[in-house]
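Engineer: Let's see this in three dimensions:
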Amino acid sequence: MFMRARVALLLLIAGCSGGSDGKADAPGPDGPRADAPIDAPTLHDTCAGATTLTFANGFAIATASTVGAADDTAASCGGTGGPDVVYRFTTPMVGTLLVDVRPSQGSGRAVVSLRSDCGNAATEFGGCVAAASAGGGMLQVMRGLGAGTYYLWIDSADGTTGQFDVSLQLTVAAGDSCAGPIPIAFTAAEVNVAASTVGSTNDESATCGGSSGLDNVFRFDLAAASNFEVTATPRTTGMQPLVYLQTTCGASDLGCAAAPSAGANAFLRMGGLAMGPHFLWVDGVSSTPGLYNFTARLAMPGMGDTCALATPLTFTNGMATATGDTSTLFHDGAGTCASGTAPDAVYTFTTSTVQNLRVDVSTTSSTYQPVVYLRSTTCTGGQLACAIAPTAGGTGTLQYGSLPVGTYYLWVDGAANTAGPFTLTALLGMPTQGDTCALASPLTFTSGMAMATGNTSTWFNDSTGTCASGAAPDGVYTFTT
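Structural biologist: Sure thing, here's the model as predicted:
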């Protein structure tokens, strides 16, 4: 069955109605509705048939379907072989144009582009945006667009049809400062953006740079704790992007990532973002502005990805095992024996008696260097021990003797921002004779001499003398004179 596609276009003229939050007001109850039923699909399949949008009270709404539409053109970022439709609109003033395309049905990958001459692909301007994944939303931002007539093409990157809600908004300077961040909305947990820092100002900087770069700021609101990742790709030669995230616009950043060189991508991953507003800045390492694209994604944290979702370890005959892959998770914490922002996994267990603990974390990856550390009482509580594999591909071994009764959190992390598959083996056992002060082995002297044999590798570290440092296992003996 063919699926009809609906496209609603919305133009907000600066100076018309709009809330103090910078978002466009919806049409009144007597105005047109984007979700009104579609009696029959109307095709806007060619430039000759391009629908001219008529504005009422600052809004223009239309419906369309790509079902039965031909492949008339393609944009610079895709559309070859895909059905497409075109709209004609006129802007009455110079401003920043926001073209927001949100798939409402279907799983296709849409392509959005703007032209000044409908049938001439060479007149495409403001970049081009294509959904990276099926159903992903799209936003095109065009700064300093002059008054005139333009054409909006909606195409398909994968040849499928779909249904879309599309709004056009014309503002004075959206995205240039905290006073007017550009709102972005995720569809199918993804948004794809084409924008430019040309004509912007240098308003903000972060821990990884941006002191001389021109920048844009975007806002999104989370209804629940989420993982977040964004990749910014420069489209202008010499541009070296950086991205950073804030919960209060203009405040310190939660995370920051810079492209390693001009022309390279900037990639930021953040785990367990709290619900509420977030501000995403796209900035430059240098003062070179330009066009860029970014794709941002949201995902619900999985088991073991956050403290709230710590995976319980179940011990059978004193042993618990678990497998995982930190490359599929996000960064939430760090131990004292390794720095960086590698993704991590967290496990929890509770003891009912004093026991010794040994944990081995091994990997099959030659590039992953496992780190394991132990926290007590709470997931982010005091660290009791931390261990790192000697090399990438090695095994990290953590030992802690005479672990008191309580609840513990075991973190699997990576050194030098490495990540990969791992196997965790945890052993709990009762301390043996000579392993602790409570089990100190008595020395019996005969004719003034006492002898004992042992193997410290079977014990755990409990103390350290002044003539040596480290955490070597030890045995303790007692005698009375």
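Engineer: buried set for the strand ranked longest in the chain?
Structural biologist: As assigned by DSSP state E, the longest strand anywhere in the chain is strand 95-105. Buried residues in strand 95-105, counted by 16 or more other Cβ atoms under 10 Å: G95, T96, L97, L98, V99, D100, V101, R102, P103, S104. For every residue, glycine as well, the C-beta is placed using N, CA and C.
Engineer: Same check on stretch 344-362?
Structural biologist: Using 16+ other Cβ under 10 Å as the test for burial, stretch 344-362 gives 344-349, 355-362.
Engineer: how far out from the middle of the chain is that stretch?
Structural biologist: Chain-centre distance of stretch 344-362: 29 Å, with Cα atoms, centre = their mean, to the nearest Å.
Engineer: Endpoints of it, how far apart?
Structural biologist: The stretch stretch 344-362 measures 14 Å between its terminal residues, going by Cα to Cα, to the nearest Å.
Engineer: average pLDDT for that stretch?
Structural biologist: Averaged over stretch 344-362, pLDDT sits at 96.
Engineer: hmm, back to that, keeping just the C-alphas, turn the longest strand of the chain into CSV.
Structural biologist: Output of strand 95-105 as CSV, limited to C-alpha atoms (Å, rounded to 0.1, in the frame of the first residue of the first chain):
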residue,chain,number,x,y,z
GLY,A,95,16.6,37.5,7.9
THR,A,96,17.6,34.1,9.1
LEU,A,97,15.5,31.3,7.5
LEU,A,98,14.9,28.1,9.4
VAL,A,99,13.5,25.2,7.4
ASP,A,100,12.4,22.4,9.8
VAL,A,101,11.4,19.1,8.2
ARG,A,102,10.0,16.4,10.5
PRO,A,103,8.9,13.0,9.1
SER,A,104,5.6,12.0,10.6
GLN,A,105,5.1,8.7,8.8
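Engineer: For it, name the packing helices and strands.
Structural biologist: Under the contact criterion of 3 or more Cβ pairs under 8 Å, 6 or more residues apart in numbering; DSSP states H and E, strand 95-105 touches strand 110-115, strand 137-145, strand 163-171.
Engineer: Please convert these to CSV, extending it with distance to S156.
Structural biologist: Below are the helices and strands packed on strand 95-105 laid out as CSV (distance: least, Cβ to Cβ, whole Å):
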stretch, distance to S156
strand 110-115, 6
strand 137-145, 12
strand 163-171, 11
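Engineer: quick one: which of the buried residues of strand 95-105 is nearest G79?
Structural biologist: V101 (13.3 Å; Cβ to Cβ).
Engineer: which residue packs closest to that closest one, ignoring adjacent ones?
Structural biologist: Closest residue to V101 apart from its sequence neighbours, by Cβ to Cβ, 6 or more residues apart in numbering: M138 at 4.2 Å.
Engineer: again with T407
Structural biologist: T350 (4.6 Å).
Engineer: what separates that neighbour from T446, distance-wise?
Structural biologist: For T350, the distance to T446 (Cβ to Cβ, to the nearest Å) stands at 46 Å.
Engineer: Likewise for A259?
Structural biologist: From A259 to T446 the distance is 75 Å (Cβ to Cβ).
Engineer: So for the two, which residue has more residues nearby?
Structural biologist: A259 (21 against 7; other Cβ atoms under 10 Å).
Engineer: The more buried one and A266 touch, don't they?
Structural biologist: Yes - under the criterion of Cβ atoms under 8 Å, A259 makes contact with A266 at 4.3 Å.
Engineer: so what sits against both of these two?
Structural biologist: A232, P241, L242 (Cβ atoms under 8 Å, 6 or more residues apart in numbering).
Engineer: Can I get the buried part of these as one ChimeraX selection?
Structural biologist: Command for ChimeraX that selects the buried part of the shared contacts of A259 and A266, burial taken from 16+ other Cβ under 10 Å:
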select :232,241,242
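Engineer: quick one on the thing from earlier: could you give the angle of the longest strand of the chain to strand 137-145?
Structural biologist: On the basis of axes from the mean of the first three to the mean of the last three Cα atoms, to 10 degrees, strand 95-105 is oriented at 170 degrees to strand 137-145.
Engineer: how distant is strand 95-105 from the center of its chain?
Structural biologist: On Cα atoms, centre = their mean, the centre of strand 95-105 falls 22 Å from the chain's centre.
Engineer: Okay, now the sheet partners of it, with direction.
Structural biologist: Using DSSP bridges, strand 95-105 pairs in its sheet with strand 137-145 (antiparallel), strand 163-171 (antiparallel).
Engineer: Let me know which of these is the nearest to Y87.
Structural biologist: Smallest distance to Y87 across those (Cβ to Cβ): 8.5 Å, for strand 163-171.
Engineer: Looks like R88 contacts T54 (just checking).
Structural biologist: No - using Cβ under 8 Å, R88 is not in contact with T54; the gap is 10.7 Å.
Engineer: Settle it for me: which of these two has more neighbours?
Structural biologist: R88 (15 against 10).
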